[in-house]
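Undergrad: Need coordinates for the below:
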Amino acid sequence: MVFKKMLGALGVGGPSVDTVLSNPNTRPGLPLTGQVNLTGGKNDVELAHVTLGLVTRVEVESGGGDHSTTGEFHRTPVAGRFTLTAGQQLSIPFQVDMPWETPITDVYGQRLHGMTMGLRTEVAIDRAVDKGDLDPVAVHPLPIQERILEAFSRLGFRFKHADLEYGRIHGVHQTLPFFQEIEFWGTPQYPGINEVELTFVANPQTVDIVLEFDKRGGMFVGGHDSYGRYTVSHSDAETTDWARVVDGWVRQSVDQRQAFFAGRGGFPGMGGHGHGHHGGHRGGGMGGMVAGAALGVAGGMIAGEMIEEAFEDDGGDFGGDFGE
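TA: Below is the predicted model of the structure:
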């Protein structure tokens, strides 16, 4: 999407900005490129800076309830202080390096329901900041993330929901103040597993996989959650049977449940990978994800709402900035 907007902070007759993305599709860790085109107004104007920010919507738990807020989580400077003369046309190229932990918004070319991502252009003069419209950005999974998502689908899990949760995951190094949850409905192939919540936390070398299993209780026992954490290498994406690996992760959780209710006390270890859980977030929400026809997956796949509608209450209770 291309937008051209008169800078409201500078009043009638002020300059306009037109931000163009070379390609709105990207992946975590890859660059997003384009140019910011500025056109001078009736008078010379000294601009303090031009900055681009990645903006998304996050679920926040506070006061005993949950609410969603929108904010900026990554900023890239495009230009410092300069004078834009009357009628001048100026094109400024940019490159935004996507954080490795950037959440996935699109799978198989389909927007995940509940996921929003935009690139916002901020033009500032002294004592005034104009935060322009948003260019939608599509973040596709890394190869290893895509293989693991495919594995869940092949094992019969149905995508249910996807969202972002404000907070930290216990035992996992994060650079962003939120994490993505991708939730699947259980499948009869794994009795007792009601839902699975999947979180990816990527870095340049590896991806941490955090799984939370919501388990159904029997007639005389209550349900409970169990957790698993695993670390995989990007280099294993094309050389591993991920359906077999994911099956092992899930069956390990099923075995834990049987051991727990057999009175052996607690859960066995996680095979040297360690275990952890999502800290400081609600137990249920994960969001709804669109799967690809390539796997023949049906159900739970709904196209996301328009990004303009999703960003209506930009700012929320965080004042619009999550920080880097």
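Undergrad: burial of Ala243, as a residue count?
TA: When neighbours are counted by other CB atoms under 10 Å, Ala243 registers 16. Bear in mind the C-beta positions are built from the backbone N, C-alpha and C, glycine included.
Undergrad: Per-residue pLDDT of it, please?
TA: Note for Ala243: predicted pLDDT of 97.
Undergrad: Show me the shaky parts of the chain.
TA: For the chain, residues meeting the criterion pLDDT under 70 lie at 1-13, 215-226, 256-324.
Undergrad: biggest helix in it, by residue count?
TA: helix 242-261 (DSSP state H).
Undergrad: Packing partners of that helix?
TA: With contacts taken as 3 or more CB pairs under 8 Å, 6 or more residues apart in numbering; DSSP states H and E, helix 242-261 sits against helix 143-154, strand 193-202, strand 206-215, strand 224-233.
Undergrad: Domain-wise, how is the chain divided?
TA: Domain assignment for the chain by automatic domain parsing gives 3-140, 143-295.
Undergrad: Pretty sure Val210 sits against Tyr227.
TA: Yes. Assessed by CB atoms under 8 Å, Val210 is found in contact with Tyr227 at 7.3 Å.
Undergrad: which one of those two has more residues nearby?
TA: Just comparing Val210 and Tyr227: by other CB under 10 Å the higher neighbour count belongs to Val210, 23 against 20.
Undergrad: Just give the closest residue to Thr19, not the sequence neighbours.
TA: Nearest residue to Thr19, sequence neighbours excluded (CB to CB, 6 or more residues apart in numbering): Thr121, at 4.6 Å.
Undergrad: on that earlier part again, taking strand 193-202 as reference, get the angle to the longest helix of the chain.
TA: 120 degrees (axes from the mean of the first three to the mean of the last three CA atoms, to 10 degrees).
Undergrad: ok and helix 242-261 relative to helix 143-154, angle-wise?
TA: Interaxial angle, helix 242-261 versus helix 143-154 (the same axes, to 10 degrees): 60 degrees.
Undergrad: Now helix 242-261 - C-alpha only, CSV.
TA: Extracted in CSV, the C-alpha atoms of helix 242-261 (Å, rounded to 0.1, in the frame of the first residue of the first chain):
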residue,chain,number,x,y,z
TRP,A,242,9.7,-32.6,11.8
ALA,A,243,6.5,-34.6,11.9
ARG,A,244,8.4,-37.3,13.8
VAL,A,245,10.0,-34.7,16.1
VAL,A,246,6.8,-32.9,16.9
ASP,A,247,5.0,-36.2,17.5
GLY,A,248,7.7,-37.0,20.0
TRP,A,249,7.2,-33.7,21.8
VAL,A,250,3.4,-34.2,22.0
ARG,A,251,3.7,-37.9,23.1
GLN,A,252,6.1,-36.9,25.8
SER,A,253,3.4,-34.6,27.1
VAL,A,254,0.9,-37.4,27.0
ASP,A,255,3.3,-39.6,28.9
GLN,A,256,3.7,-36.9,31.5
ARG,A,257,0.0,-36.8,32.1
GLN,A,258,-0.2,-40.6,32.5
ALA,A,259,2.8,-40.5,34.9
PHE,A,260,1.3,-37.6,36.9
PHE,A,261,-2.1,-39.4,37.4
